[in-house]
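> the amino acid sequence is not available; the structure is as follows:
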């Protein structure tokens with residue numbers, strides 16, 4: 001009995017560590033999304049600065065090149081800070097995740113945010129030169145280039161968010177519950193206990209709800225679900241590859257095992 005209790009305790013501690021690791025992973029991916037959304041907020045603020053300069057050039061006739069350059073430089077610095085945060089959060093998530101994932105598709109997108117920063121700095125220098133030289137038409141034409149670059153930066157941020165959301169979905173644990181049924185598919189009871197076997201890792205896992213029927217944090221993979229024999233009774237087994245398409249409206253995959261008795 002002591003050995004059984006110790007074994008169950010070890011499994012429980014291991015499960016808790018895995019859950020904590022995935023919680024840290026999910027949290028840092030959420031933080032990365034928040035930092036990316038902050039980039040989009042900064043883009044919105046920078047667009048307001050472009051609109052204000054356009055008003056100064058076309059209506060007020062008093063364009064302030066210095067004030068505009070200050071706003072663009074602030075935008076560039078903020079985006080740089082948020083890019084550093086995005087990279088850091090994704091790295092922490094990757095290091096903690098018990099389900100490996102790749103950020104290869106995200107990295108070039110994040111780097112693009114900085115490339116757009118460089119373009120904005122060049123445009124700002126050209127804008128200052130045009131305004132200081134009294135070339136109003138040139139300055140007005142540059143406004144369109146600013147908007148194009150800022151919109152591209154915003155769209156890239158949207159793509160980054162979509163990529164992170166896809167990662168979150170891919171590594172999200174599955175919730176699987178076993179339903180004992182009779183030969184006609186009607187729910188019934190079976191008390192000898194259930195387990196599942198990860199066919200890839202060879203690991204055996206056990207239910208973690210009070211009823212002893214549900215596995216609340218299974219990693220993506222292929223599993224065989226089965227039961228212990230109960231004197232002259234038992235159940236069928238079932239092998240499935242976990243997929244979101246198998247989830248019901250409550251986000252649970254229900255596995256039916258048919259009870260048999262001799």
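Done, it's in. Treat the numbers as computed from the prediction; the structure is a model and nothing was measured.

> show me what counts as buried in stretch 24-43.
25-26, 28-29, 31-33, 35-36, 38-40, 42-43 (16 or more other C-beta atoms under 10 Å). Just so you know, the C-beta spots here come from the backbone N, C-alpha and C atoms, and that holds for glycine as well.

> remind me which residues of the stretch 51-200 of the chain are low pLDDT?
Within the stretch 51-200 of the chain, the set of residues satisfying pLDDT under 70 is empty.

> domain-wise, how is the chain divided?
The record's domain parsing of the chain by automatic domain parsing lists 2-171, 174-261.

> quick revisit: with respect to residue 180, which of the buried residues of stretch 24-43 is nearest?
For those, the closest approach to residue 180 (C-beta to C-beta) belongs to residue 26, at 32.2 Å.

> residues contacting the closest one?
93, 168, 172 (C-beta atoms under 8 Å, 6 or more residues apart in numbering).

> quick check on those: which are buried?
93, 168, 172.

> so which of those residues sit within helices?
Within the buried ones among the contacts of residue 26, residues falling in helices by DSSP state H are 93, 168.

> just give me the neighbour total for residue 237.
Neighbours of residue 237 under the rule other C-beta atoms under 10 Å: 14.

> same question, residue 125
Residue 125: 12 neighbours (other C-beta under 10 Å).

> what's the burial count for residue 159?
Residue 159 has 14 nearby residues by other C-beta under 10 Å.

> wait, it touches residue 113, no?
No: using C-beta atoms under 8 Å, residue 159 makes no contact with residue 113, being 10.4 Å away.

> how about the spatially closest residue to residue 206 that is not a sequence neighbour, secondary structure?
Spatial nearest neighbour of residue 206, chain neighbours left out: residue 195 (5.2 Å); criterion: C-beta to C-beta, 6 or more residues apart in numbering. Here residue 195 is strand, with the state taken from DSSP: H, G, I helix; E, B strand; the rest coil.

> what about the helices in the chain?
2-55, 65-96, 107-132, 136-171.

> among the ones you listed, which comes closest to residue 255?
helix 2-55 (19.2 Å).

> turn the buried ones among the contacts of residue 26 into TSV, columns for distance to residue 141.
As requested, these are exported to TSV (distance: C-beta to C-beta, whole Å):
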residue	distance to residue 141
93	43
168	42
172	48
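
> sorry, back to before: now render the helices of the chain as JSON lines, adding distance to residue 202.
Below are those laid out as JSON lines (distance: least, C-beta to C-beta, whole Å):
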{"stretch": "helix 2-55", "distance to residue 202": "15"}
{"stretch": "helix 65-96", "distance to residue 202": "23"}
{"stretch": "helix 107-132", "distance to residue 202": "33"}
{"stretch": "helix 136-171", "distance to residue 202": "21"}
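
> between these, which gets nearest to residue 256?
Per C-beta to C-beta, nearest to residue 256 of those: helix 2-55, 24.6 Å.

> how much space between the residue nearest to residue 206 and residue 230?
Look at residue 195 and residue 230: by C-beta to C-beta, to the nearest Å, they are 14 Å apart.
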